[in-house]
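> Sequence plus the predicted model coming up.
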Amino acid sequence: MTIRTINEVFYSVVERNLDRVLTIKRHGKWSSISSRELYRDVVGVARALRSWGIGEGDRVAILSENRPEWAVADFATMLLGAATVPIYATLTPEQTLHLLRDAGARVIFISTADQLRKVMGITDRCSIEKIVVMDDVNASNIVPMERLMRSGPETRDEAFDSRALAVGPDELATIIYTSGTTGTPKGAMLTHGNLASNLLHSLYLFPFECGQVSISFMPLSHVFARHVDYVMLWRGLTVAYCPFHDELLSTVGEVKPDVFVAVPRIYEKLYSKVRSKFNGGVKLKLYDWAMRVGREHKHEVLAGKTPAAIQWRLADKVFFSKVRAVLGGRVRLFASGGAPLSRDVLDWYASIGIPIYEGYGLTETSPIIAVNNFKACRFGSVGPVIENVEIRIAVDGEILVKGPSIFKGYWNMPEETASAFEGEWFHTGDVGHLDAEGFLYITDRKKDLIKTSGGKFIAPQPIECKLKASLLVEEAAIMADRRKFASAIIVPSFPALEDWAAVNRVPFASREELIATPEVFALYESIVSGVNEDLAQFEKIKKFIIVSDEFSMANGALTPTMKLKRRYIEQRYSKELDELYNSETEVLRAG
């Protein structure tokens, strides 16, 4: 089965005529949308957009959490030859305004009353003509999306279908704005052909089956999440939406998905939560025994097999299966993207019977460049390069790629577009290498490499991953740019730290007081020392700051895809860092 456009993905869903294509929990009950209902809803919305003058080349924004209406708005826009502009629901009004103005969006789909209030204050400063609201909201000058969906046809509209299928691979499908770790977000222009070519080659080795279920909870404003949903729908799976991360565990328990795709932080939190329960006594001995057994058989797990050894089956019964039950108990495919997972975390999951297949890609590459799979998987790598993408490693180690899934450029940024390419080759900005068997390894972001005042380059991400492998570290940021040595800003995992303090009788009245104690300094000093053992002399963390406030999207320390905004973090703690580098003390604690 081949596809040329995302519109053909939509019609593949329609042609299957399934009873359950999309599902979401509302008012305590799971409700499903069939192929027929999806067609009615999408065409109803598309007809309304067309009546407002939306057509080829226009831009339509979507500001919403993950839900069926997101997919409806997306497909309806693209069926007309227009382009969708997804906006993260977590962005501020001013950030949202910047994207709307830059894209020149004429219509915006909004999920809730809260999101509507955000937009109502900025519409007079952008080109928005119509506001369509998904929830039942009592407000003037808006269009209820429910009304548009229900006005769609109950039978196929052949004239409409013909026009939609005439949209070609070179038509612009979407403008996706990068999350902006280093500056102003840039709108990557992706065509139907870019997206479709990546769907064809990225996940074809995975054994998806019609009727299986996939959870959609990573923000659909991110290209990886959207790509996964397109693949699931194209392959006949049901997409179950989870709009909010705090509902994830209850959702997987009820839906029991067959496919689970997440960013590393989700896997890391579960890993830390499980490990924290085994802190001594008989439980710890049982845990250690089970993990030894699991490590002996992890190669079978990574090959997509269930080990048959008696010891593994016993360990699975008493321990492994209970961990997998937290994720629904039925998942056959676990995948991770968006950032690297630490080797320790990958090893732990494989040892308990959960193979996590890491991949790699960018918004600009639609997105997947390489991915591990059942037939070819190697720890530490992001897998073999997919077959329709070519790759070469530049002299400075940067990864360059070319192929049909590479984007057409940045919206309204001709100079940035020109600088991103070397002929047909796109500069990924990532540093890495290929091994003799074609597995790709990512070292770090080229722009994220830190140069010390001594001229040494440090790759911070691997060091940060090592720090976060500790149950007591929630987040970590390495700092060394133009400094004489590397330092770290550490955010403790406070539930684990507070439990440790209780066991070790360390009194405290607040988090600020806790991180200021000598006992906590000694504890984190030992963690840092352990990480330093595997680092080159110039990479070693000489000093560190312990902070009591978390890194989050809300306070600006993380992007919507959970990446560190290193420049922002450095500015935020500039005073503390200056004192640290000018001080003779070993550590500075900041509240």
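Thanks, I have it. Numbers count the residues shown, from 1 in each chain.

> shouldn't Ile450 be in contact with Phe457?
Yes - applying CB atoms under 8 Å as the test, Ile450 and Phe457 come out as touching, 7.0 Å apart. Using the backbone N, CA and C atoms, a C-beta is placed for each residue, glycine as well.

> neighbour-wise, which of those two wins?
Ile450 (20 against 14; other CB atoms under 10 Å).

> Can you give me the distance of that one to Gln461?
Applying CB to CB, to the nearest Å, the value for Ile450 to Gln461 is 11 Å.

> Confirm Glu550 sits in a strand?
No - according to DSSP: H, G, I helix; E, B strand; the rest coil, the state of Glu550 is coil, so it is not within a strand.

> okay but it is in contact with Val491, surely?
Yes - Glu550 lies in contact with Val491 (CB under 8 Å); the separation is 5.7 Å.

> and for these two, which residues touch both?
474-475 (CB atoms under 8 Å, 6 or more residues apart in numbering).

> When the two are compared, which one has more neighbours?
Using other CB under 10 Å, the more surrounded residue of Glu550 and Val491 is Val491, with 21 against 15.

> Can you tell me the SS state at that one?
strand.

> Skipping its backbone neighbours, what lies nearest it in space?
Of all residues not flanking Val491 in the chain, Glu475 sits nearest, at 4.1 Å (CB to CB, 6 or more residues apart in numbering).

> which residues are contacting the helix or strand that contains that neighbour?
Secondary-structure element containing Glu475, defined by DSSP states H and E: strand 473-479. For strand 473-479, contacts defined as CB under 8 Å, 6+ apart pick out 450, 458, 460, 463-464, 467-468, 486-494, 527, 541, 550-551, 564, 566, 569-570, 577.

> Pull out the buried residues from those residues.
With burial judged by 16 or more other CB atoms under 10 Å, the buried subset of the contacts of strand 473-479 is 450, 458, 460, 463-464, 467-468, 486-494, 527, 541, 551, 564, 566, 569, 577.

> In contact with the closest residue to Glu539 other than its chain neighbours: list those residues for me.
Distance criterion CB to CB, 6+ apart; nearest residue to Glu539, sequence neighbours excluded, is Ile458 at 5.4 Å. Shown in contact with Ile458 (CB under 8 Å, 6+ apart): 449-452, 478, 480, 486, 538-539.

> Next: Ile110.
Taking CB under 8 Å, 6+ apart, we find Ile110 in contact with 63-64, 116, 119, 131-134.

> And the helices in the stretch 251-400 of the chain, which stretches?
264-275, 281-296, 298-302, 310-315, 321-326, 343-351 (DSSP state H, counting those that start in this stretch).

> check contacts around the nearest residue to Lys298 once chain neighbours are set aside.
Computed as CB to CB, 6+ apart, the closest residue to Lys298 that is not its neighbour in sequence is Ala350, at 3.9 Å. By CB under 8 Å, 6+ apart, the residues touching Ala350 are 294, 298, 301-302, 356, 379.

> and Ala350, how far is that from Phe320?
Ala350 is 11 Å from Phe320, by CB to CB.

> likewise Asp258?
The value you get for Asp258 to Phe320, if CB to CB is used, is 18 Å.

> Likewise for Met189?
45 Å.

> same check, this time on Met232
Met232 is 26 Å from Phe320, where distance means CB to CB.

> Pull up the gap between Arg235 and Leu564, please.
For Arg235 relative to Leu564 (CB to CB), the value is 34 Å.

> re earlier: quick check: strands, which of the contacts of Ile458 are part of them?
450-451, 478, 486 (DSSP state E).

> Just to be sure, His427 is in a helix?
No - counting by three-state DSSP, one finds His427 to be strand, located in no helix.

> Start at 52, not 1
All set: I'll call the first residue 52, so the last point we hit is now His478.

> What is the burial count for it?
16.

> helix or strand right after the helix or strand containing Gln166?
With elements taken from DSSP H and E, the one containing Gln166 is helix 164-171. Using DSSP H and E, the helix or strand that follows helix 164-171 towards the C-terminus is strand 181-184.

> Dump that following strand to PDB, keeping only the CA atoms.
Provided in PDB are the C-alpha atoms of strand 181-184 (Å, rounded to 0.1, in the frame of the first residue of the first chain):
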ATOM      1  CA  LYS A 181     -12.900  33.200  12.200                       C
ATOM      2  CA  ILE A 182     -12.600  31.400  15.600                       C
ATOM      3  CA  VAL A 183     -14.000  27.900  15.800                       C
ATOM      4  CA  VAL A 184     -14.400  26.400  19.300                       C
END
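
> Okay, now the sheet partners of that strand, with direction.
Take DSSP bridges as the rule and strand 181-184 pairs in its sheet with strand 158-161 (parallel), strand 194-195 (parallel).

> buried set for that strand?
Buried-residue list, strand 181-184, by 16+ other CB under 10 Å: 181-184.

> cool, stretch 580-600 as well?
Going by neighbour count (16+ other CB under 10 Å), the buried part of stretch 580-600 is 582-583, 590-599.

> ok so, going back, tabulate the contacts of Ile161 (JSON lines), appending distance to Ala608 and pLDDT.
Shown next, in JSON lines, are the contacts of Ile161 (distance: CB to CB, whole Å; pLDDT from 0 to 100):
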{"residue": "Leu114", "distance to Ala608": "22", "pLDDT": "98"}
{"residue": "Ser115", "distance to Ala608": "24", "pLDDT": "97"}
{"residue": "Leu167", "distance to Ala608": "27", "pLDDT": "97"}
{"residue": "Val170", "distance to Ala608": "25", "pLDDT": "96"}
{"residue": "Ile182", "distance to Ala608": "31", "pLDDT": "98"}
{"residue": "Val183", "distance to Ala608": "33", "pLDDT": "98"}
{"residue": "Val184", "distance to Ala608": "31", "pLDDT": "98"}
{"residue": "Met185", "distance to Ala608": "30", "pLDDT": "98"}
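
> Distance to Arg326 added to those, as TSV?
Output for these, formatted as TSV (distance: CB to CB, whole Å):
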residue	distance to Arg326
Leu114	38
Ser115	35
Leu167	42
Val170	43
Ile182	47
Val183	46
Val184	44
Met185	40
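
> Check those against Ile227 and report the nearest one.
Nearest to Ile227 among the contacts of Ile161: Leu114, at 13.8 Å, using CB to CB.

> For the closest one, which residues are in contact?
By CB under 8 Å, 6+ apart, the contact set of Leu114 is 138, 140, 147, 159-162, 166, 169-170.
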